[in-house]
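Trainee: A structural model of the following input is requested.
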Amino acid sequence: MFSYISAEQRVPKDHPLRAIRRMTDAALRELSPRFEAIYAANGRPSIAPEKLLRTLLLQVLYTVRSERLLMEQLDYNFLFRWFVGLSIDDPVWDVTVFTKNRERLLKGAVAQSFLAAVVGQADAQGLLSDEHFTVDGTLVEAWAGHKSFKRKDGKEVKPPSDDDRGNPSVDFHGERRRNDTHQSTTDPAARLARKGPGKEAKLSYAGHVLMENRNGLAVDGCVTPATGRAEVEAAIALVERIEGWQRVTLGADKGYDRKEFVLQLREHQVTPHLARKPTSIIDARTTRHPGYALSQQKRKRIEEIYGWLKTVAGLRKTRHRGVLRVGWMFTFALAAYNLVRMRNLLPAPA
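Mentor: Below you'll find the predicted structure:
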């Protein structure tokens, strides 16, 4: 039996993936020189980086929990094949080959370039503000359990003789566990952190996002170890990467209202539109302007980004280990969020 209907005809004209694919293809064309530098001209044929990134984008957009399940979906899902660029007869890659090729993109810092290309498209469409921004941080739970958080000096309590050696019981009661004395054997870069007083501590990373205030698009982001000062230090780093020399405003919650942080922002020609603490040094010279109240209203939209990342993109508990891998997926997921958001903001093509 033969079918003469192409994949292009099978996908509905108003399908949401059509607009996302057009924007994705435009971004990938900008990244073509970077792909040529990463992949060697000789050797065994590898997965085309454009197809690899489209496949990873589907994993984020459709909340596919593993790459093995992603390859299974790609094998029989006709919509996925059309988006990636595979015909109905093309074989699907082995999951180990797919993972190995993804590591090449990690070394080439492709995720950051892909996010920059997507942000550039939004800027060209007039969707971005170049003066008003918001910054915030969140905890991304690491792929490591509490049992792997062991003392660095190796003085662990041995399990009883009748216990399961493969998965021994561990009694943490009365033991003070800290990052300077303990470390995870599963993911050494993960650190024990909590969201606030009274909350449970988990092995986590700190994710940071810089959002523009006009339409709530993520313009930059990064992942750092979850230290006590990670949010402030990452915010300064993100502010330094804002293009241009014009004065800008930066909104944030009360956790950022620290004297040294406010002074650093003013040194960078940034007006601090931070939610104030009772001891804040931000006075009426800043808060009397209507722009301050507007920043306080707009800054809450950054929680929509984090909500999407943790529910749809699957970053409530990361599947990767190490700052580089977790940061790569975090940045790539921000680009995916922008594509979905831009598809809703831009008018449908005629």
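
Trainee: who are the packing partners of the helix or strand hosting Val209?
Mentor: Element membership for Val209, per DSSP states H and E: strand 202-212. Contacts defined by 3 or more Cβ pairs under 8 Å, 6 or more residues apart in numbering; DSSP states H and E place strand 202-212 against strand 132-141, strand 191-193, strand 218-225, helix 230-240, helix 302-311, helix 323-345. C-beta: built from backbone N, CA, C; applies to glycine.

Trainee: would you reformat these as CSV and include mean pLDDT and mean neighbour count?
Mentor: Formatted as CSV, the helices and strands packed on strand 202-212 follow (pLDDT from 0 to 100; neighbours: other Cβ atoms under 10 Å):
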stretch, mean pLDDT, mean neighbour count
strand 132-141, 96, 23
strand 191-193, 93, 22
strand 218-225, 96, 22
helix 230-240, 94, 18
helix 302-311, 96, 18
helix 323-345, 96, 22
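
Trainee: can the ones you listed go into JSON lines with extra columns for distance to Gln246?
Mentor: Formatted as JSON lines, these follow (distance: least, Cβ to Cβ, whole Å):
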{"stretch": "strand 132-141", "distance to Gln246": "11"}
{"stretch": "strand 191-193", "distance to Gln246": "35"}
{"stretch": "strand 218-225", "distance to Gln246": "15"}
{"stretch": "helix 230-240", "distance to Gln246": "13"}
{"stretch": "helix 302-311", "distance to Gln246": "22"}
{"stretch": "helix 323-345", "distance to Gln246": "22"}
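
Trainee: can I assume Leu74 is in contact with Arg81?
Mentor: Yes - using Cβ atoms under 8 Å, Leu74 is in contact with Arg81, at 6.6 Å.

Trainee: where do the strands of the protein begin and end?
Mentor: Counting by DSSP state E, the chain has these strands, from start to end: 132-141, 149-151, 182-184, 191-193, 202-212, 218-225, 248-252, 270-274.

Trainee: tell me which residues are up against the third one.
Mentor: Contact partners of strand 182-184, identified using Cβ atoms under 8 Å, 6 or more residues apart in numbering, comprise 142, 144, 148-152, 190, 192, 203.

Trainee: please repeat the previous calculation with a cut-off of 7 Å.
Mentor: 144, 148-152, 190, 203 (Cβ atoms under 7 Å, 6 or more residues apart in numbering).

Trainee: from the residues you listed, keep the buried residues only.
Mentor: Buried subset of the contacts of strand 182-184 (neighbour count, 16 or more other Cβ atoms under 10 Å): 144, 148-150, 190, 203.

Trainee: now for those residues, which pair is the farthest apart?
Mentor: Lys150 and Ala190 (12.6 Å; Cβ to Cβ).

Trainee: picking that back up, now the strand holding Val209: average pLDDT?
Mentor: The pLDDT scores in strand 202-212 average 96.

Trainee: where does pLDDT dip in the stretch 1-150 of the chain?
Mentor: For the stretch 1-150 of the chain, residues meeting the criterion pLDDT under 70 lie at 1-4, 37-45.

Trainee: if we go to 80?
Mentor: For the stretch 1-150 of the chain, the stretches with pLDDT under 80 are 1-9, 36-46, 107-108.

Trainee: from Arg319, how far off is Arg68?
Mentor: Remark: distance between Arg68 and Arg319 (Cβ to Cβ, to the nearest Å) = 11 Å.
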